[in-house]
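J.: Sequence first, predicted model second:
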Amino acid sequence: MSMAEVAQGAQPEAEDDARRSARAAEDARWSAWMAAAQSGDGEAYRRLLDELLPVLRRMVHARVFDRESGEDVVQNILLSIHRARHTYRPERSFGPWMRAIARNAMIDAFREHGRRGEREIGVEWIDDVPGEPVDPLASDVLDPKLQRALERLPEKQRQAVELIQLRGLSVAEAALEAGVTPGALKVRAHRGYRAMRRLLTGERA
Amino acid sequence: LSADRPDDSRTTDRLLDALVDDAGPVQRIYPMGRVLAGVVVIYVIWWIASVWLLGGVRDAASLTEVVTDGFFVGLVSSIAGATGAGLAAREPGRDRMTRGALGLGMVGVAAMVATFLLRVGDVGDVLRLGAETGCLLHAAALGVVPAIVLLVVALGGWRGRPVLTSVTAATSGAALGAIVVHVTCPAQGAWHVMLGHYVFPLATAALVGGAAALIWRHLSRR
């Protein structure tokens, strides 16, 4: 075997080694940042999340998610990581811990996606309400009928509808504020919409 | 109105800010080894106390005879498998431990089935469902405390796999109750042991655990 062949054969190995050590360094960095974040270091946590974000986006968009719902899943993963951060032990590798949470959130999203068709409520019901069409995001000019219907919802459903539709928060942000999982928040919101629709169509009749 | 508004990178940036703002210090979960040791100690104490309360190991059986019995080995493997899987579920990324523990549980099933097949032809071995039900109830009652212990320990960690956590906690507790029943029950016929000391308690626990997890998930979304 010539020297050139030996050198050619050694090149992929060297690249593999370089990749492996880069990954190990990345894992060690993330692990240290998470350990610091567990002690309340917000700066380390911000650096960790900033580095994780593109990794999670690549992971999610490599699946079948479209861009919009993919971003939703990324947010759910970030929220899950946040809620589970006390379960990370620094003596263990960070990557498998993070990937397990991401995988779990993606499985939830697939399940949710499968059920969504049955549960989705179209925007057209708002048009059924007599009077001027209302922008549901403009809370200060909320139609009195919508306002009344909203006030009659059970507290948790009302909170979900308000956080998403009136305050314009994403599902993950709303879930963080309500202290529940994104899935639970979506279910509450759906039930709220359904109840509001019943109330509004009832009023019209 | 769809349930979720279109989420774009702007809302993701906002979420990152919210998460960082919310990131106070947290109490890290205890290392797996320490948690496992703690659970084992509690289980052993509970087992010894329960056996003692039920009048000790069945008559005419030496301890060596009891612990080398195929059914006993099967039950112990099932407890170890269910407990290991339940504890592994509290830490994300413990896939290898979960698989290993579930494998150990399968070894328990295999040991039970093999011992059953070897003994099923014994003279006088008949099925009396009343006796099996009695042992099922005893095993279930004795399994409540260990199941709750494991559930509390597991819920202190990751809650991403509620069904696995709940089912393994329930089956682990029921298997511990079953092993108390197994070493104290005078009836040792193959059918009775297989059904009353194993299949009924563990299947009931798995069903109750699974149903409880689904009900809990449903209620938490209300």
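T.: The structure has been received and is ready for your questions. Residues are numbered from 1 along each chain as shown, chains lettered A, B, ... in the order given.

J.: I figured A:S39 hits B:A23, correct?
T.: No - contact criterion Cβ atoms under 8 Å: A:S39 and B:A23 do not qualify, at 10.0 Å. Backbone N, C-alpha and C define where each C-beta goes, glycine included.

J.: which residues sit in contact with the residue nearest the centre of chain B?
T.: What sits nearest the mean C-alpha location of chain B, by Cα atoms, centre = their mean, is B:S172, with 1.9 Å. B:S172 sits next to B:79, B:82-83, B:86, B:146-147, B:150 when contact means Cβ atoms under 8 Å, 6 or more residues apart in numbering or on different chains.

J.: Which one's more surrounded, A:S39 and B:A23?
T.: Legend: neighbour count by other Cβ atoms under 10 Å in any protein chain shown for A:S39 and B:A23, higher for B:A23 (21 against 11).

J.: Now do the SS call for the more buried one.
T.: Assigned by DSSP: H, G, I helix; E, B strand; the rest coil, the conformation of B:A23 is coil.

J.: A:E91 too?
T.: Classification of A:E91 by three-state DSSP places it in coil.

J.: Centre of the chain to the top helix by length along chain B, how far?
T.: Longest helix in chain B, counting residues (DSSP state H): helix B:129-155. Averaging C-alpha positions (Cα atoms, centre = their mean, to the nearest Å) puts helix B:129-155 9 Å from its chain's average.

J.: Now the element after that helix, going C-ward?
T.: Where DSSP states H and E defines the elements, the next helix or strand beyond helix B:129-155 is helix B:162-184.

J.: what's the following helix or strand after that next one?
T.: Next element after helix B:162-184 (DSSP H and E): helix B:190-194.

J.: what's the angle between the helix or strand that that following helix is followed by and helix B:162-184?
T.: Next along the chain after helix B:190-194, taking DSSP H and E as the criterion, comes helix B:200-220. Using axes from the mean of the first three to the mean of the last three Cα atoms, to 10 degrees, one finds that helix B:200-220 and helix B:162-184 are set 150 degrees apart in direction.

J.: quick one on the thing from earlier: does chain A sit close to the longest helix of chain B?
T.: No - using Cβ under 8 Å from any Cβ of the partner chain, helix B:129-155 stays clear of chain A, coming no nearer than 11.0 Å.

J.: what's the weakest-modelled helix or strand in chain A?
T.: None of the helices or strands of chain A scores lower by mean pLDDT, DSSP states H and E than helix A:124-127, at a mean of 42.

J.: Tell me the pLDDT of A:P130.
T.: A:P130 is assigned 44 on the pLDDT scale.

J.: Repeat that for the one 3 residues further on.
T.: pLDDT, the model's per-residue confidence, is 44 for A:P133.

J.: ok, now A:G117?
T.: pLDDT, A:G117: 51.

J.: what do you get for A:V161?
T.: pLDDT, read off for A:V161, is 85.

J.: which residues touch it?
T.: Contacts of A:V161 (Cβ under 8 Å, 6+ apart): A:150, A:153, A:189, A:192-193, A:196.

J.: which two from the residues you listed end up farthest apart in space?
T.: Using Cβ to Cβ, the two most remote members of the contacts of A:V161 are A:L150 and A:A189, lying 12.0 Å apart.

J.: With neighbour numbers in mind, choose between the two.
T.: For A:L150 versus A:A189, neighbours defined as other Cβ under 10 Å are more numerous around A:A189 (27 against 22).
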